[in-house]
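# got a predicted model here, sequence first, then my questions.
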Amino acid sequence: GENVEQHPSTLSVQEGDSAVIKCTYSDSASNYFPWYKQELGKRPQLIIDIRSNVGEKKDQRIAVTLNKTAKHFSLHITETQPEDSAVYFCAGLRGGSEKLVFGKGTKLTVNP
Amino acid sequence: DTAVSQTPKYLVTQMGNDKSIKCEQNLGHDTMYWYKQDSKKFLKIMFSYNNKELIINETVPNRFSPKSPDKAHLNLHINSLELGDSAVYFCASSPGAGGGYTFGSGTRLTVV
């Protein structure tokens, strides 16, 4: 089955800097890769996703890149702000499956 | 209106008791899920139903029994609760076919 590895487990940056979180997946049949943000005590919320037919997607300060050959995808946050502080999860979904497999999460801290 | 709502938000109970968590979604999604988030924040799928039919049943003790009376509801009943069952349980729904998940606000279960 699918296995998603995520790193780093913790990341601390200064406000205004960029943050990058990386994930690798094992199942070459996976074709959907969402990213979720979970603030303390709250639910995970979808912030951006990418499908295997594109290599990059951007939404304001957030971008995701996908390298199908290497089976890895990354989340890029530019001009970080203290409100970006949260746990971020990557996930992968095999085509035809309903089982979304999550990475173990990255705790991002943005220091003012 | 809350898209995915689950009750109760907090549940404190003694070992050996039986408890239920309820989930309802008003998004018209066909697929619903139960995820368990442990103290290390790892999100692990437990069950998934598609239009009232069980499609995913991970290696979960049979003390856990999901029930889906219709495609908008997915409840979780837990028998003979153990200390290790303490976690946050999230309900989620998706339109299927690689659509993003929407999570409920979570139920924090504490077994004492």
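Yes, it's here.
# nearest residue to residue A:36 other than its sequence neighbours?
Nearest residue to residue A:36, sequence neighbours excluded (Cβ to Cβ, 6 or more residues apart in numbering or on different chains): residue A:44, at 4.0 Å. (Each C-beta comes from the backbone N, C-alpha and C, glycine too.)
# ignore the last one, residue B:60
Spatially, and ignoring its direct neighbours in sequence, residue B:60 is nearest to residue B:46 (5.0 Å; Cβ to Cβ, 6+ apart).
# and the gap between the spatially most central residue of chain B and residue A:89?
Nearest to the mean C-alpha position of chain B, counting by Cα atoms, centre = their mean, stands residue B:34 at 3.2 Å. With distances taken as Cβ to Cβ, to the nearest Å, residue B:34 is found 17 Å from residue A:89.
# can you mark which positions in the helix or strand bottoming out on mean pLDDT in chain B are buried?
Lowest by mean pLDDT, DSSP states H and E among the helices and strands of chain B is strand B:53-57, with a mean of 87. By 16 or more other Cβ atoms under 10 Å in any protein chain shown, the buried positions in strand B:53-57 come out as residue B:56.
# ok, then the element right after that strand?
The element immediately downstream of strand B:53-57 (helix or strand, assigned by DSSP states H and E) is strand B:64-70.
# what's that following strand in contact with?
Residues outside strand B:64-70 that contact it (Cβ atoms under 8 Å, 6 or more residues apart in numbering or on different chains) are B:32, B:34, B:46-47, B:49, B:52-54, B:74-79.
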